[in-house]
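# when you get a sec, could you give me coordinates for this:
(2 chains)
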Amino acid sequence: MRAPDGSIRPAYQQLAHWLDNVPKDVLDYRRKEAEFIFRRIGITFAVYGEAASTERLIPFDIIPRILNRGEWQKLSKGLEQRVKALNMYLYDAYNKREILRAGLIPEELIFGNPVFRPEMNGQAVPHNIYVMIAGIDVVRVDPDNFYVLEDNARVPSGVSYMLENREIMLRLFPELFIDHPVAPVENYADDLLATLKSVAPLTSSGEPTVVLMTPGIYNSAYYEHSFLADKLGCELVEGRDMFVKGDMLYMRTTEGPKRVDVIYRRVDDDFIDPLAFRPDSMLGVPGLMSVYQAGNVTLANAVGTGIADDKAVYSYMPDIIKFYLGEEPILKNVETYRCREPGQLKYVLDNIEKLVVKEVHGSGGYGMLIGPAADKKTIENFAAKVKAAPEGFIAQPTLALSTCPTFVEEGIAPRHVDLRPFVLTGRDKTRIVPGGLTRVALSKGSLVVNSSQGGGTKDTWVLDR
Amino acid sequence: MLSRTASNLYWLSRYVERAECLARILDATYRLSALPQGYGSETNEWDSAIATAGCVASFKEKYPEANERTVTEYLAFSPDNPSSIRNCIEIARTNARSVRTALTGEMWDAINSAWHELYRYDPKRITREEFTRFLNFVTETSVRFDGTSFRTMLRNDAYWFSRLGFLVERADATARILDVKYHVLLPREAQVGGPLDYFQWASILRSVSARTSYHWVYRDSVKPWLVADLLILNRQMPRSLASCYENINRYLDDLAQFYGRQGQAQRLARATTSKLENGRMEDIFQSGLHEFITQFLSDNNRVGNAIGDQYLI
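As a prediction, the model looks like this:
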């Protein structure tokens, strides 16, 4: 909220004034009301490893995070550029591999990657779009610069919170929206549907049938799946609802089989087809890959996008952007040490107490070490893991993340936030709704914003001025 | 519509209705068992409750004897009884979660809040008074769910499948109550209106919440053949077999028209409906009330299965 000199940044002027004047018990009351509404609606998530019946709420913070138009425009240009490069990289990696010939990245980054899918070699995907839905995690460290923390090019989640948080804010604090020209986000579902329809297979006739594929009600993001299917007005299908016949994909309906053209799938590659990938998967459709390879169904996102978003390829992203687009990256990359390179590994091990060390394939805030916050024993154990398999790790310096005022036990206090905007890439254009999911680390000084680790969310306002 | 969605809607309503039926059976049984010795029947009321719920075998495996404690535990709370009230609400919510997109917000809210509320009742420590509140809560949940679907759902296949589940379950429940108690409804010249059976008849009416309706329809004191008539043939009575089938028929016709084709479910339902429409109590008593009800239970089952085969898989 504040500039480095301690003054309140322009976007927050009115909010700061309002916060100074609103009685604490009003905030308290509305926060409780918000929690009640969330539980009533059933916006919950499951934490893996806890008993199956536990459903938890992601804590919602009622104080919004605000960006002004200029900040957003720069960010959104950067996002568009980055996702464009991700798509070009994926196309190249599964086709001519010019980037390898140019010697820009090591071969094992593609071929040695466990999520590289040889099935996708030379496989045509509609309009060469691999990542239709991307969630790019960014943080700001100073007034002018956003850094990308992580690209999510597989099945990014969280967009339902972006939408529901706004609904709750409109309901609880209508007066704030009178003073703040907040750009709406409610068109996200329409944008998503337009994007999905635009990438329908060339063989589909007439109006394409779009479905959302979920692993089922026990998945931690199930609420989001049902929420989105509802907003999209499409069927929420599980693997068992579909079957393959004669190189076409059908779903079982009360009126008999119906052809499916586009699957917005929220199921990982590994599980979508037991004949092609994990044979023990109960979540997929046997033969789905053969329909996909015949070009009769579009998967969004495409199979094999994991090679574009792991933490090892991340460190090459600035080069990847320059290589494919001939442009300087608009969004910065956090300096990243690749433990696969002996020189950098040495630096990491020597300075581990100052660094954040992450597993290349980790997610959800698991499998990471935050050096400055860890005790000696934890650090030693983690260092041993890194030494044993250095190619599985990267390390980054801790950033001075921006903070946002947050309603916590002791009152209103600054807490670290990040932001995940959602980038939709269709045949016709790229669509980004102004905003995204702001995640906040609720405990003091903490940098971990993941919901599975006690993070919360906020509404994100992009001001139209 | 996805077959699984239709199936979830159908079973969601069935389970909500089942929970309510169990609550009513328990309530009626409590009332009957509270009568002083000599007013009740020679049979154990708690045994009949288990029989009406259709789980004699599984109950006997677990408990040596049917009494207030064991029956309440088994029918209301037991995790081992797949159709205990608690499990019904659990399953209903699981189904509701799977078809969130086919439910209106109000319906989801009804079932989701019931599920949260359910855990406020601790079966180990529940008092008699709390149990009464629990039974009220279950009936109110069902009424609320039913009311929200009636008031908020689009009148399309989703609504019809939901109604069908509710009606097939309801017909089954009414028939089961009759099946267990048919002997007290048989006309026995010598004992008509005898004081012992009076409370049994009243209890049957209570278990389908029809005490007041009875008096409005017949303007007469409680007579067994009229009780049977009310529950079997009277189309004004929403829980009667005739009323259930009138509506099952109607919604199956709606589906057939909507989808442009009909099948076994429509044919079977039509046959059962016409049996009820053309039936007369005298004939039913003549050819055997028990046989009639047994036949109905099996017909109703076949209609349920036909709906399943035709639409839900």
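# ok, which residues in the stretch 251-400 of chain A are in contact with chain B?
A:251-255 (C-beta under 8 Å from any C-beta of the partner chain). C-betas here are computed from N, CA, C, even on glycine.
# in which helix or strand does residue A:460 reside?
Applying DSSP states H and E as the criterion places residue A:460 in strand A:455-462.
# for that strand, which outside residues touch it?
The contact list for strand A:455-462 (C-beta atoms under 8 Å, 6 or more residues apart in numbering or on different chains) reads A:58-61, A:63-69, A:72, A:158, A:161-162, A:165-166, A:168-169, A:180, A:182-183, A:365, A:404, A:406, A:417, A:419, A:434-442, A:448-449, A:451.
# in strands, which of the residues of the stretch 251-400 of chain A next to chain B appear?
A:251-253 (DSSP state E).
# what's residue 202 in contact with, if anything?
In the absence of a named chain, chain A is used. Contacts of residue A:202 by C-beta under 8 Å, 6+ apart are A:126, A:295.
# not quite, I wanted chain B
Contacts of residue B:202 by C-beta under 8 Å, 6+ apart are B:211, B:222.
# next structured bit after the host helix or strand of it?
Here residue B:202, judged by DSSP H and E, is contained in helix B:195-207. Next helix or strand after helix B:195-207 toward the C-terminus (DSSP H and E): helix B:211-218.
# output that next one as PDB, restricted to C-alpha atoms.
Coordinates of each C-alpha in helix B:211-218 appear next as PDB, following Å, rounded to 0.1, in the frame of the first residue of the first chain:
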ATOM      1  CA  ARG B 211     -54.400 -37.500  10.700                       C
ATOM      2  CA  THR B 212     -56.000 -34.200   9.900                       C
ATOM      3  CA  SER B 213     -56.400 -35.100   6.200                       C
ATOM      4  CA  TYR B 214     -58.200 -38.200   7.100                       C
ATOM      5  CA  HIS B 215     -60.900 -36.300   9.000                       C
ATOM      6  CA  TRP B 216     -61.200 -33.700   6.200                       C
ATOM      7  CA  VAL B 217     -61.700 -36.400   3.600                       C
ATOM      8  CA  TYR B 218     -64.000 -38.800   5.400                       C
END
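# which residues does it contact?
B:202, B:205, B:222, B:226-227, B:230, B:234, B:236-237.
# quick one: which of those is nearest to residue B:47?
Distance to residue B:47, by C-beta to C-beta, is smallest for residue B:202 among the contacts of helix B:211-218, at 18.9 Å.
# need the per-residue pLDDT for that closest one.
Looking at residue B:202, its pLDDT is 84.
# what does the one 4 residues further on give?
With respect to pLDDT, residue B:206 scores 85.
# before we move on, which element is the closest residue to it other than its chain neighbours in?
Leaving aside its sequence neighbours, residue B:206 sits nearest to residue B:28 (C-beta to C-beta, 6 or more residues apart in numbering or on different chains; 4.4 Å). In the assignment (DSSP H and E), residue B:28 maps to helix B:3-33.
# contacts for whichever helix or strand comes after that helix next, please.
Using DSSP H and E, the helix or strand that follows helix B:3-33 towards the C-terminus is helix B:45-53. Identification of contacts with helix B:45-53 by C-beta under 8 Å, 6+ apart yields B:22, B:25-26, B:29, B:32-33, B:56, B:59, B:66-68, B:70-71, B:74-75, B:83, B:176-177, B:179-181, B:207.
# got the angle between helix B:45-53 and helix B:3-33?
Comparing the axes of helix B:45-53 and helix B:3-33 via axes from the mean of the first three to the mean of the last three C-alpha atoms, to 10 degrees yields an angle of 160 degrees.
# give me the buried positions along helix B:45-53.
B:45-53 (16 or more other C-beta atoms under 10 Å in any protein chain shown).
# list of residues touching the one helix or strand residue B:86 maps to?
Following DSSP H and E, one finds residue B:86 within helix B:85-98. Residues outside helix B:85-98 that contact it (C-beta under 8 Å, 6+ apart): A:42, A:216-217, A:222, A:226, B:4-5, B:8-9, B:11-12, B:15-16, B:18-19, B:22-23, B:75-79, B:81, B:103, B:107-108, B:111-112, B:114-115, B:118, B:123, B:138, B:141.
# chain A: which of the buried residues of helix B:45-53 is nearest?
residue B:53 (24.9 Å; C-beta to the nearest C-beta).
# rewinding a little: among the contacts of strand A:455-462, which ones are in helices?
A:69, A:72, A:161-162, A:165-166, A:168-169 (DSSP state H).
# distance of the residue in the stretch 51-200 of chain B that chain A sits nearest to from residue A:91?
Among all residues of the stretch 51-200 of chain B, residue B:100 sits closest to chain A, at 3.9 Å; criterion: C-beta to the nearest C-beta. Distance, residue B:100 to residue A:91, using C-beta to C-beta, to the nearest Å: 36 Å.
# quick one: which of the two has more around it?
residue B:100 (22 against 16; other C-beta atoms under 10 Å in any protein chain shown).
# contact partners for residue B:227?
B:185, B:201, B:204-205, B:214.
# typo on my end, residue B:12
Taking C-beta under 8 Å, 6+ apart as the test, what residue B:12 contacts is B:92, B:95-96, B:99, B:111, B:162, B:165.
# greatest separation within those: which pair is it?
Spatially, the most separated pair among the contacts of residue B:12 is B:111 and B:165, at 13.4 Å (C-beta to C-beta).
# more neighbours, those two?
residue B:165 (27 against 23).
# tell me which element the more buried one falls in.
With DSSP H and E as the test, residue B:165 turns up in helix B:157-185.
# now find how far off-centre that helix is within its chain.
With C-alpha atoms, centre = their mean, to the nearest Å as the basis, helix B:157-185 stands 5 Å off its chain's centre.
# burial check on residue A:464, number of neighbours?
13.
# what are the buried residues along the helix holding residue B:202?
B:197-207.
# picking up where we left off before, from the contacts of helix B:45-53, list the buried ones, please.
Judged by 16+ other C-beta under 10 Å, buried ones among these: B:22, B:25-26, B:29, B:32-33, B:59, B:66, B:68, B:70-71, B:74-75, B:83, B:176-177, B:179-181, B:207.
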